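**Student:** What would the 3D arrangement of this be:
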Amino acid sequence: MKLNLFKSLPVALAGLFVGTAAMAQEPATTTPQFRTWSIGVNAGALTPLSPLGGRNDFSNNKTSFGYGLYIKKQITNYFSLRLDGVAGKLKGDNTEAYDSGFTNTSTVSAFDTKLNYSASLNAVVNMFNIDMFKKENAIQLYTSVGAGLAGYKPTVTTAGGTSAYAGGKAISELIIPVGLGAKFKVSDGVNIDLGWTINFVDGDNLDGLYKNGNNDKYNYAYAGLEFALGKGKQLAFHNPVAATYDEALAAKNAANALKGDLDAQKAENAKLRSEMADLLKDTDGDGVADKLDKCPSTPSGTVVDGSGCPLKTPEKVVEKVVVTEEDRKVVNEAIKNLEFDLNKATIRAKSFASLNRVAALLVQKNFSLKLAGHTDNTGSKELNLRLSKARAESVKAYLVAQGANASRIEATGYGMGQPIASNKTAAGRQKNRRVEFTLY
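**Tutor:** Model prediction:
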């Protein structure tokens, strides 16, 4: 009875795909950094038998030269489709007895078959990566199974001489190739490929001797080179398990670094709040900070001068205040040169000269002055509001110390709520960190 191998092929392939899906718990996607197409060339030995056993029509099966090529598409890290082509010769005779000692007395004493082609589409499964802790491996084992078509012409030898089998007609029959192999990566673009494939033929004509129910077979052992096309690493040698582990470790390290930065920022903010509280402390509530108050126990409601002491003479009543362009120029120069220490309300020494001219202007013309402190959006809203208020108060304190009337200077902090430039750039944030002067 003829062996119906091909009726069971769909079931076998379905089982292969299910097994592959189980192995690849997270399918790799084809991305630009991976090479997924490759071509291979190989050469080796063709033998008209199966090492796995079974009946052979000839007692002495010879080994002949074979060669092949293939095109492969790597679909996931573990699974690929490969289109194979093999050609060569298959030979055998009865010059030797079987291992059992039986002598083959068939009327056909020898055959010589030209394998014009053997074309098949194969599903290839990478069984595992050698080192599970390396993202890129150099050695890989695989298995394959598929289906295809073989075309050949046998020539047979009998007592009457040598003749073409079936009148020299080219014969084409279905085949099922089953194989295994190993690949060794030489570089990102080149692999050494060693393999062995057993081809089961759906027919009994390959050796020119027809015995009903005794399907022929042949095997191909080969060595060759595979060339990966494109750019980047080869998807087949990429280990997604190790890559996932490295990504998780990098994410953990980044989280630890971020926590350290946040802790350092919290400590700096606490220090800044302490410095601002100390700078703005006004025990007697007269509007002059304790650090600048020469009369620290002034009764509530007392009008004081810039040093925090009660005023001895009434202020002059100015019926009309005229602010000239020269006055505005003095104020604008002070704004332009005003600088503070980083995240502090301490005025830098380079700002004193222009502030002195503003103080002299206030004393000379008895102007009133409104100081409006602003910040960029770095830090919390509450922190920026306190810092802007502290900087405005610091400017007021300096002007009062130079003789300006404290009651005519209003210091207000607006925080980050009134930007004049974009906070998305360093230059914009620099413009937003300012104290505005308004004479009236």
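**Student:** how far out from the middle of the chain is the longest helix along the chain?
**Tutor:** Criterion DSSP state H: the longest helix present in the chain is helix 240-280. Chain-centre distance of helix 240-280: 23 Å, with Cα atoms, centre = their mean, to the nearest Å.
**Student:** can you check stretch 397-410 too?
**Tutor:** Chain-centre distance of stretch 397-410: 59 Å, with Cα atoms, centre = their mean.
**Student:** Now do that stretch: everything it contacts.
**Tutor:** Stretch 397-410 has contacts (Cβ atoms under 8 Å, 6 or more residues apart in numbering) with 287-289, 291-292, 303-307, 315, 347, 352, 355-356, 358-360, 362-363, 366-371, 396. Every C-beta, even on glycine, is put in place using the N, C-alpha and C of the backbone.
**Student:** follow-up on the earlier one: mean confidence score for the longest helix of the chain?
**Tutor:** Averaging pLDDT along helix 240-280 gives 77.
**Student:** helices and strands around it, which ones?
**Tutor:** With contacts defined as 3 or more Cβ pairs under 8 Å, 6 or more residues apart in numbering; DSSP states H and E, helix 240-280 has these neighbours: helix 381-401.
**Student:** Helix or strand next in line after the helix it packs on, which one?
**Tutor:** Downstream of helix 381-401, the first helix or strand assigned by DSSP states H and E is strand 409-413.
**Student:** Next, the angle helix 381-401 makes with that following strand.
**Tutor:** If you take axes from the mean of the first three to the mean of the last three Cα atoms, to 10 degrees, strand 409-413 sits at 160 degrees to helix 381-401.
**Student:** buried stuff in strand 409-413?
**Tutor:** By 16 or more other Cβ atoms under 10 Å, the buried positions in strand 409-413 come out as Ile409, Ala411, Gly413.
**Student:** same deal with stretch 268-283?
**Tutor:** Under the neighbour-count criterion of 16+ other Cβ under 10 Å, stretch 268-283 has Leu272, Glu275, Met276, Leu279, Leu280, Asp282 buried.
**Student:** Then stretch 78-89?
**Tutor:** Tyr78, Phe79, Ser80, Arg82, Leu83, Asp84, Val86, Ala87, Gly88.
**Student:** Just say helix, strand or coil for the last one.
**Tutor:** In terms of secondary structure, Gly88 is strand; the call rests on DSSP: H, G, I helix; E, B strand; the rest coil.
**Student:** residue contacts, it?
**Tutor:** Leu46, Ser64, Phe65, Gly66, Tyr67, Leu115, Tyr220.
**Student:** What of the fourth one?
**Tutor:** If you count contacts by Cβ under 8 Å, 6+ apart, Arg82 has them with Tyr70, Ile71, Lys72, Lys73, Leu121, Asn122, Val124, Ser144, Gly146.
**Student:** I'd say Thr157 and Ser106 touch.
**Tutor:** No - between Thr157 and Ser106 there is no contact under Cβ atoms under 8 Å: 10.8 Å.
**Student:** So which of the two has more stuff around it?
**Tutor:** For Thr157 and Ser106, the more surrounded residue by other Cβ atoms under 10 Å is Thr157, and the numbers stand at 16 against 13.
**Student:** returning to what we had before: ok, of the contacts of stretch 397-410, which come out buried?
**Tutor:** 287-289, 292, 304-306, 347, 355, 358-359, 362, 367, 369, 371, 396.
**Student:** re the thing from before, a markdown table for the contacts of Gly88, including distance to Ala166?
**Tutor:** Shown next, in a markdown table, are the contacts of Gly88 (distance: Cβ to Cβ, whole Å):
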| residue | distance to Ala166 |
| --- | --- |
| Leu46 | 21 |
| Ser64 | 21 |
| Phe65 | 24 |
| Gly66 | 22 |
| Tyr67 | 25 |
| Leu115 | 15 |
| Tyr220 | 24 |
